[in-house]
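> 3D model of this:
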Amino acid sequence: MTYASVRIIRLEHAALSAVLRSIVMLLEQYRKQGALPDFATLRAMLFYVDEFPEKRHHPKETELLFPKLRAKTPLSRDLLDKLDSDHASGERRIRHVEHALLAFEILGEPRRAAFEQAVGQYVDFYLAHMTLEEREILPLAERVLTDTDWRELDDAFAHNGDPLAGHVPDRAYNALFTRIVNQVPAPIGLGPAL
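Residues are numbered from 1 along each chain as shown. This is a model prediction of the structure:
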């Protein structure tokens with residue numbers, strides 16, 4: 001049986017992965033063109049990463065899903081600790097990328113490489129993090145959690161409201177998501193997912 005929260009987690013991971021990979025693709029396109037990037041679009045995409053995954057998705061994993069798993073089984077405790085540590089460092093990591101973007105925007109070309117490196121490290125970190133959750137933690141959760149656990153998780157994750165993961169958008173975010181969807185490179189286009 002696939003639980004709603006597992007489906008939502010996977011959809012949110014897919015949306016985040018698309019945004020992160022799109023940032024990398026946009027930077028490659030701008031570099032090949034010898035042009036500066038559209039900084040406003042990059043800021044919007046990084047704001048999305050900070051606003052949704054960091055503030056809505058991760059807290060529910062750390063505060064709800066992981067404690068339920070720890071209470072049910074001793075398996076994967078070290079991995080859960082690592083994932084919790086990843087979540088705890090997420091805000092610092094995204095601030096580092098946002099600062100590198102600001103430096104690139106203000107100081108220009110001499111800061112391009114540092115920004116691209118910061119983005120590359122963040123994307124690699126985040127994709128590896130999501131892979132661990134999907135390959136190790138979600139299958140374990142499906143094996144050991146009860147229907148009551150799943151009802152609580154399903155209810156909590158249903159309120160994340162990430163439009164890029166197929167939820168009805170909060171009107172306050174309409175401009176943000178329109179900008180992201182209209183600017184991402186075609187191979188990863190997010191349009192159909194909305």
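> contacts, neighbours, all on C-alpha from now
Fine.
> okay, now Phe52: neighbour count?
Using other C-alpha atoms under 10 Å, the number of residues around Phe52 comes to 18.
> that one in helix, strand or coil?
What DSSP: H, G, I helix; E, B strand; the rest coil gives for Phe52 is helix.
> quick check: it vs Val119, distance?
18 Å (C-alpha to C-alpha, to the nearest Å).
> now Asp149
Noted for Asp149: a distance of 36 Å to Val119, by C-alpha to C-alpha.
> between those two, which has more neighbouring residues?
It is Val119, of Asp149 and Val119, that has more neighbours when counted by other C-alpha under 10 Å, with 25 against 15.
> so what pLDDT did the more buried one get?
Val119 is assigned 98 on the pLDDT scale.
> helices and strands around the helix or strand hosting His99, which ones?
In this structure, His99 is located in helix 77-107 according to DSSP states H and E. Where contact means 3 or more C-alpha pairs under 8 Å, 6 or more residues apart in numbering; DSSP states H and E, helix 77-107 is packed against helix 39-49, helix 112-132.
> ok, now which ones touch Leu127?
Shown in contact with Leu127 (C-alpha atoms under 8 Å, 6 or more residues apart in numbering): Ser17.
> send over stretch 17-31 as CSV, restricted to the C-alpha atoms.
Output of stretch 17-31 as CSV, limited to C-alpha atoms (Å, rounded to 0.1, in the frame of the first residue of the first chain):
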residue,chain,number,x,y,z
SER,A,17,15.2,17.9,-7.7
ALA,A,18,13.8,19.5,-10.8
VAL,A,19,14.4,23.0,-9.4
LEU,A,20,17.9,22.2,-8.3
ARG,A,21,18.8,20.5,-11.6
SER,A,22,17.3,23.5,-13.5
ILE,A,23,19.5,25.9,-11.6
VAL,A,24,22.5,23.9,-12.7
MET,A,25,21.2,23.8,-16.3
LEU,A,26,20.5,27.6,-16.3
LEU,A,27,24.0,28.3,-15.1
GLU,A,28,25.5,26.1,-17.8
GLN,A,29,23.4,27.8,-20.5
TYR,A,30,24.4,31.3,-19.3
ARG,A,31,28.1,30.3,-19.1
